[in-house]
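Student: coordinates only, no sequence provided:
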């Protein structure tokens, strides 16, 4: 079997599994789990075979024209380079782990058949994006992922949070997809083709007429899909969906699609220095802002959601300094340890028996109750904090090293300004990342909250997956010497300067957070009520903001007492900034003021004009003939004498009128 045939089967098998699951899931329940797991595992096996045959060698290209479309053809094309081969393996690993995990996590869910089919369809769409060699075919997978995300985030549609989150995710990503689509068409017009290889060839020859405009339009879609500032607000709310969905969509696949797209078409963006600086600023704001927000969250899944946004900022930062090898290296590393963190959080939630107990301030005794989650999440958090020798250290240092390379003027494609922006923001984010990772570990596994009820041992399908993902979280950094052959050949080995700075900042962040936790814990033990009162008084001027945060994110806070947990080091570290970081720096409120309320006001005005003005004319058009008809009907008495009298009167009136006209004429 040829490599091309294997590559075609990789996205096709999960698609067939999804179709079969939707058709047979209700009628033959025994087939639901095999149809969910086996096609995804088979796709993973084939993706590994494709990667092995590629072996870091020449790109694999194959295409056939779907239908004549005029001057710009649309082709069913494959373009498999080192990036595509490895990212497809990552997608297959995470999707397989999620499907296996879900058989235990959602074993009693009546909507599991549709859930499993949607996960398979989503996996197929992402694999189509990864392997596609034509931008229009890529767009098909891109949009299928969006609609699957809408349904999966809204899986618990009985709750208002899930319904609002799914709608928000769909609308915000579509807001970016509109300019993204325009940018794709503009790019295809300039290049004369939707084929990625043709587009890259055109860029290499300087054939793009509007590189800055095209790059900025495409970046809008990337910001929406990969949850980058300012279109990142949908991702924290999307935690209302099942936790395995968070691991799949919001750790390793859909949110990585935008970054992967930029990596594949990086020369298009590098053709515009302005676009690279914009990308760097977007990455810097995303990294630092999301890390601060993560430090203020109480819900464990929202912490991980903001963490995902920040780590994706590292990826876009690496692309902004022109090193897609470092970006994809961190994409692969992050996909493994962040999926592990989400699935570990799912074990914690499953142990508590309810999603409402995901607030870390209410956790106690989990270290002994869920030892598998404790040890594997410890590994993943160390990787997230970029502590050597865990995988996150090597991949994050590759990003910081690339930023230093650009900042010192050694990059041929990235402006020096972009290098400095990414380097400074990356080091600051390294400190903040270690801080919120340490805080999560302390509060989740060493918390002082009320102990939640124990709902028994977790299914083996859930705990085994954690250990599978712990292996790459620990050891993936060992591939740092091999991966350059799969990418652009640029070294990914950590440099001394950024390694010392990055690790030093991370250690400072972790140690300061630990010290703050010890201090706040001791204070809470000595003066529990006084600490709460003092904490409330300190934030009195922001009481309305805090109340808004609790009302808006009730599952994240649990109750007012939890929100004012005096043992939370994040409140001490952030001080007055905490109440603003807890609600994402009010960006949703800004959007509501700038967009939502004006649109609602315009809608009310249109409704008023429609009902009070347009409908008045419509009703008047019907009322006037009705009144005229009523008047005419009254004249129809059926009395012949009345008719003759009216005829005589009319004749007299006409005669008098004729005499007057004749007299006037004389």
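Tutor: That came in fine, so what should we check first? What you are looking at is a predicted structure, and each value in this text was computed from that prediction instead of being measured.

Student: please make it C-alpha for all contacts and neighbour counts, starting now.
Tutor: Noted.

Student: return the distance of stretch 278-295 from the chain's centre.
Tutor: Counting by C-alpha atoms, centre = their mean, to the nearest Å, stretch 278-295 is centred 15 Å from the centre of its parent chain.

Student: swap that for stretch 119-132, please
Tutor: For stretch 119-132, the separation from the chain centroid amounts to 16 Å (computed by C-alpha atoms, centre = their mean).

Student: run through the stretch 301-450 of the chain and note the low-pLDDT ranges.
Tutor: 352-358, 365, 447-450 (pLDDT under 70).

Student: same thing but 50
Tutor: When the per-residue scores of the stretch 301-450 of the chain are filtered using pLDDT under 50, the ranges that remain are 356-357.

Student: which residues in it form helices?
Tutor: Read by DSSP state H, counting those that start in this stretch, the stretch 301-450 of the chain holds these helices, from start to end of the chain: 324-352, 366-369, 371-384, 391-407, 416-446.

Student: leaving out the residues flanking it, which one is nearest to residue 387?
Tutor: residue 393 (5.4 Å; C-alpha to C-alpha, 6 or more residues apart in numbering).

Student: and what of residue 145?
Tutor: The nearest residue in space to residue 145 (C-alpha to C-alpha, 6+ apart) is residue 122, at 5.4 Å.

Student: returning to that earlier point: I'd like the helices of the stretch 301-450 of the chain written out as JSON lines, with mean neighbour count and distance to residue 179 added.
Tutor: Shown next, in JSON lines, are those (neighbours: other C-alpha atoms under 10 Å; distance: least, C-alpha to C-alpha, whole Å):
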{"stretch": "helix 324-352", "mean neighbour count": "27", "distance to residue 179": "23"}
{"stretch": "helix 366-369", "mean neighbour count": "17", "distance to residue 179": "46"}
{"stretch": "helix 371-384", "mean neighbour count": "23", "distance to residue 179": "33"}
{"stretch": "helix 391-407", "mean neighbour count": "28", "distance to residue 179": "28"}
{"stretch": "helix 416-446", "mean neighbour count": "25", "distance to residue 179": "24"}
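
Student: okay if I get those helices as JSON lines plus distance to residue 627?
Tutor: As requested, those are arranged in JSON lines below (distance: least, C-alpha to C-alpha, whole Å):
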{"stretch": "helix 324-352", "distance to residue 627": "70"}
{"stretch": "helix 366-369", "distance to residue 627": "79"}
{"stretch": "helix 371-384", "distance to residue 627": "78"}
{"stretch": "helix 391-407", "distance to residue 627": "80"}
{"stretch": "helix 416-446", "distance to residue 627": "75"}
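
Student: contact partners for the residue nearest to residue 387?
Tutor: Residue 393 sits next to 383-387, 477 when contact means C-alpha atoms under 8 Å, 6 or more residues apart in numbering.

Student: could you give the separation of the helix or strand where residue 629 lies from the chain centroid?
Tutor: Mapping residue 629 onto the secondary structure by DSSP states H and E places it in helix 615-635. Its chain's average C-alpha position is 57 Å from that of helix 615-635, according to C-alpha atoms, centre = their mean.

Student: now the element after it, going C-ward?
Tutor: Counting by DSSP H and E, the element after helix 615-635 in chain order, helix or strand, is helix 640-665.

Student: what's the angle between the helix holding residue 629 and helix 640-665?
Tutor: 110 degrees (axes from the mean of the first three to the mean of the last three C-alpha atoms, to 10 degrees).

Student: buried sites along helix 615-635?
Tutor: Neighbour-count burial for helix 615-635, with 16 or more other C-alpha atoms under 10 Å as criterion, is recorded at no position.

Student: contacts for it?
Tutor: The contact list for helix 615-635, computed with C-alpha under 8 Å, 6+ apart, is empty.

Student: just for the stretch 501-650 of the chain, where's the confidence low?
Tutor: If you take pLDDT under 50 as the line, the stretch 501-650 of the chain has these spans: 530-564.

Student: which parts of it are helices?
Tutor: Here the stretch 501-650 of the chain has its helices, by DSSP H, counting those that start in this stretch, at 528-538, 543-552, 554-557, 560-563, 569-574, 578-581, 587-591, 597-608, 615-635, 640-665.
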